[in-house]
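requesting a structural model of the entry that follows:
(chains A, B, C and D)
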Number of protein chains: 2
Amino acid sequence: MTPMVSGIALAEIAALIGDVARANILSALMDGRALTASELAWHGGVSASTASGHLAKLCEANLIALERQGRHRYYRLASAEVAQAIEALMTVVSFAPKRHRPVGPRDEALRRARTCYDHLAGRLGIAVTDALTSRGHVLLSESAGSLTGEGQRFLCTIGVEVEAERKGQRALCRTCLDWSERRPHLAGHLGSALCTRFFELGWTERIRDSRALAITTEGQKGLKEAFGIELP
Amino acid sequence: MTPMVSGIALAEIAALIGDVARANILSALMDGRALTASELAWHGGVSASTASGHLAKLCEANLIALERQGRHRYYRLASAEVAQAIEALMTVVSFAPKRHRPVGPRDEALRRARTCYDHLAGRLGIAVTDALTSRGHVLLSESAGSLTGEGQRFLCTIGVEVEAERKGQRALCRTCLDWSERRPHLAGHLGSALCTRFFELGWTERIRDSRALAITTEGQKGLKEAFGIELP
DNA sequence: GGAACGCTTCGGCCGGGGCCGAAGCGTTCC
DNA sequence: GGAACGCTTCGGCCCCGGCCGAAGCGTTCC
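Have a look, this model is predicted:
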């Protein structure tokens, strides 16, 4: 018998992520937005021509997807599964011996609040999750959860409208392991809706060239009033 | 501002998995057992000296752990998180353009029944999950679930004893995305207990040098009687 | 004690793949 | 139409890292 053939395919995908430039590119796309080739070249720390090669490879393997728009080419992660795989790897990273742990202001900003694909993560994500569960708005059983009627009414008051029962399509309430806090935070449709609403309310703002989020003054106020959250 | 530093750590871990020999070694360890360096060299398709180098790297990054025993050295996956990350990558692999999809007898055996770290996967894993949920023994809400009282009594009849309430420690009932079936199957403590019990009952047997499982004649009978499962 | 065994370390070979700049192609702007 | 822009393709350089066999070290067996 010959060794597992499936290891070859596994190695191929992992090797694609296992290059510093490509890993940086994928990290930059982890917030779910689509970026242009030049922006990604910058994130990868390589020239435009080199980045172009990387993007072609990632596209061919269906890790990222391309959308043409005029003379720009926008790339985004191909699916939530890709984001999930990268997030899982990040978790393993945090178990690895601490060598490349900058813990500078950049890293601290990420740990405080960031987007994870399309939902909130970091201490902010955890705080919101905790607030909703401790009040009985969300029931977290193991690695997933459900929204209570009371929770649904509460969310309405801050302008988040979700039906508690959603047949088919995307899961309403999933959880995602937070690599910096090592605890689960809210993901799924609910996580996405909350994150979107926070932006609409002007509570959070993206920090330029980063997945990190800034919490605005209104955000501080709103989070305290609606959720009882005061983030140090 | 400089590009994300965390991409470096991500790339390092992914690159470790992104080598064919190492990916094969990790795949071989995915069933949760510990194997010797020579066995792993064979799985990786490389010489003992080369394998030794790979194992040292994987150890240093905390992807695998070492247990000395006499003149043997047993290696196993370092944690469930590592298994989870690899499984997530496997899922992405199944989305990738089909090039390395052998679909030979080996692959078919894996798709039929296999272990995934410490629980059942493949069509068998899905069938058991479906049987338990359709009878109301397990409630699967989104990506996790809970065991009902009735489910607990049923499991007792086949000799699986679990407390429905388990505070602290490992989650009783988690789910894990099956890369071959693309649907969630039972994982967590419950998944592990079921898998163990199937071995004890002699319903399943490991196929030599593989994560694939054989379903014995008693297994066919038991699965049909207890779960109503008939696997083609 | 000696032989067999399991595994690691070392030295040297070699190839794949990442990098860049120059050039080419398509789009947009005025 | 021409210039600026965004991106890709091509050619050539170079280095990282995987591979092996030989040798070394520790354990086990008799």
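
only C-alpha atoms from now on, for both contacts and neighbour counts.
Noted.

ranges for the helices of chain A?
A:6-17, A:20-29, A:37-44, A:48-60, A:80-95, A:105-112, A:122-134, A:149-157, A:188-200, A:217-222 (DSSP state H).

who wins for proximity to chain B among those?
Proximity to chain B (C-alpha to the nearest C-alpha) singles out helix A:6-17 among the helices of chain A, at 3.8 Å.

the closest one and DNA strand D, are they touching?
No - applying C-alpha under 7 Å from any atom of the strand, one finds helix A:6-17 out of contact with DNA strand D, separated by at least 9.7 Å.

and that helix, what does it pack onto?
helix A:20-29, helix B:6-17, helix B:20-29, helix B:80-95 (3 or more C-alpha pairs under 8 Å, 6 or more residues apart in numbering or on different chains; DSSP states H and E).

run the angle between it and helix B:80-95 for me.
Put simply, helix A:6-17 runs at 100 degrees to helix B:80-95, going by axes from the mean of the first three to the mean of the last three C-alpha atoms, to 10 degrees.

okay if I get the helices and strands packed on helix A:6-17 as CSV plus distance to DNA strand C and mean neighbour count?
Output for these, formatted as CSV (distance: least, C-alpha to the nearest atom of the strand, whole Å; neighbours: other C-alpha atoms under 10 Å in any protein chain shown):
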stretch, distance to DNA strand C, mean neighbour count
helix A:20-29, 5, 26
helix B:6-17, 10, 24
helix B:20-29, 10, 26
helix B:80-95, 17, 22
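
out of the helices of chain A, flag the one nearest residue B:62.
helix A:80-95 (7.2 Å; C-alpha to C-alpha).

what's the burial count for residue A:30?
Residues within reach of residue A:30, counting by other C-alpha atoms under 10 Å in any protein chain shown, total 24.

quick one: it from chain B, how far?
Relative to chain B, residue A:30 is positioned 11 Å away (criterion: C-alpha to the nearest C-alpha, to the nearest Å).

DNA strand C contacts on chain A?
Within chain A, the positions adjacent to DNA strand C are A:16, A:19-21, A:45-47, A:49-51, A:54, A:69-71 by C-alpha under 7 Å from any atom of the strand.

what subset of the residues you listed is buried?
Neighbour counting with 16 or more other C-alpha atoms under 10 Å in any protein chain shown marks A:16, A:19-21, A:45-46, A:51, A:54 as buried within these.

follow-up on the earlier one: quick one, which of the helices of chain A is nearest to residue B:61?
Among these, helix A:80-95 comes nearest to residue B:61, with 8.6 Å by C-alpha to C-alpha.

could you check how far the lowest-mean-pLDDT helix or strand in chain A is from the centre of its chain?
Here the helix or strand of chain A ranked lowest by mean pLDDT, DSSP states H and E is strand A:174-177, holding a mean of 70. The chain centre lies 10 Å from the centre of strand A:174-177; the measure is C-alpha atoms, centre = their mean, to the nearest Å.

for it, C-alpha coordinates in CSV please.
Extracted as CSV, the C-alpha positions of strand A:174-177 are listed here (Å, rounded to 0.1, in the frame of the first residue of the first chain):
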residue,chain,number,x,y,z
ARG,A,174,-23.0,30.1,15.3
THR,A,175,-19.9,30.6,17.4
CYS,A,176,-16.3,31.0,16.3
LEU,A,177,-13.3,30.5,18.5
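
hmm, it touching chain B?
Yes - residues of strand A:174-177 are located near chain B by C-alpha under 8 Å from any C-alpha of the partner chain, namely residue A:174.

what sits up against stretch A:176-193?
Here stretch A:176-193 makes contact (C-alpha atoms under 8 Å, 6 or more residues apart in numbering or on different chains) with A:87-88, A:90-91, A:94, A:111, A:118-123, A:125-126, A:129, A:143, A:160, A:162, A:170-175.

quick revisit: hey, least reliable of the helices of chain A by pLDDT?
Looking at those, the lowest mean pLDDT belongs to helix A:105-112 (a mean of 77).

does anything pack onto that one? Which helices or strands?
Checking 3+ C-alpha pairs under 8 Å, 6+ apart, helix A:105-112 ends up next to helix A:122-134.

the same query, at a cut-off of 10 Å, please.
Helix A:105-112 sits against strand A:119-121, helix A:122-134, strand A:213-215, with contacts defined as 3 or more C-alpha pairs under 10 Å, 6 or more residues apart in numbering or on different chains; DSSP states H and E.

what are the pairing partners of the last one, and which direction each?
What it means is strand A:213-215. Using DSSP bridges, the strands paired with strand A:213-215 are strand A:204-206 (antiparallel).

what's the neighbour count on residue A:227?
Residues near residue A:227, counting by other C-alpha under 10 Å, number 16.

correct me, but it touches residue A:127?
Yes - judged on C-alpha atoms under 10 Å, residue A:227 makes contact with residue A:127 at a distance of 8.7 Å.

that older thread, closest to DNA strand D out of the buried ones among the residues of chain A next to DNA strand C?
For those, the minimum distance to DNA strand D (C-alpha to the nearest atom of the strand) is 6.5 Å, reached by residue A:51.
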